[in-house]
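In: Sharing a model prediction with you, sequence too.
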Amino acid sequence: MKVKNINGEQVINCGCDSWLTHWENNSGSLVHGLCSAKDCEKEAEVGGHVEIIEAENDWEALKSSKPSNIFIIPICRGCNAMHGQEYEVKPGTIPVSDEKTDQCGQ
């Protein structure tokens, strides 16, 4: 799957402490591990805003599930700073909506 890194909202107003916490609360995973960028082996430090460019299987349905097509994935600070750049993500990456859900603030 290919995503485009975008300059997302700095302020989070859904009740989560950070975008990474938002990802943890909504992905069902408490382990964010390594950066989601395919060629990066650094630790994921933030929840980065991305737009899905090319999707496969279940990601395609996710891509069409909301008008904005903006999602949060765990990435390192370096990859998060690459605004406007496209890159492949690692298999198994779980994107979550950037919108408030019932899981926020948990």
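Out: Yep, that arrived.
In: can you give me how far stretch 86-94 is from the chain middle?
Out: A distance of 9 Å separates the centroid of the chain from that of stretch 86-94, by C-alpha atoms, centre = their mean, to the nearest Å.
In: got the buried residues for it?
Out: In terms of neighbour count (16 or more other C-beta atoms under 10 Å), stretch 86-94 has its buried residues at 87, 89, 93-94. Bear in mind the C-beta positions are built from the backbone N, C-alpha and C, glycine included.
In: for the residues you listed, which one is nearest residue 69?
Out: Closest to residue 69 out of those is residue 89 (14.7 Å), distances taken as C-beta to C-beta.
In: wait, the closest one sits on residue 36?
Out: Yes. Between residue 89 and residue 36 there is a contact at 4.8 Å, judged by C-beta atoms under 8 Å.
In: what do these two both touch?
Out: Residues within reach of residue 89 and of residue 36 at once, by C-beta atoms under 8 Å, 6 or more residues apart in numbering, are residue 73.
In: for the buried residues of stretch 86-94, which one is nearest residue 5?
Out: Nearest to residue 5 out of the buried residues of stretch 86-94 is residue 87 (C-beta to C-beta; 7.2 Å).
In: In strands, which of the buried residues of stretch 86-94 fall?
Out: When strands are assigned by DSSP state E, the members of the buried residues of stretch 86-94 inside them are residue 87.
In: quick one: which of the buried residues of stretch 86-94 is nearest residue 78?
Out: If you rank the buried residues of stretch 86-94 by distance to residue 78 using C-beta to C-beta, residue 87 comes first, at 11.6 Å.
In: Would you reformat the buried residues of stretch 86-94 as CSV and include pLDDT?
Out: Supplementary listing: the buried residues of stretch 86-94 in CSV, determined by pLDDT from 0 to 100:
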residue, pLDDT
87, 94
89, 94
93, 89
94, 88
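In: Looking at the buried residues of stretch 86-94, which one is closest to residue 21?
Out: When the buried residues of stretch 86-94 are compared for distance to residue 21, the smallest value, 14.6 Å, is given by residue 94; criterion: C-beta to C-beta.
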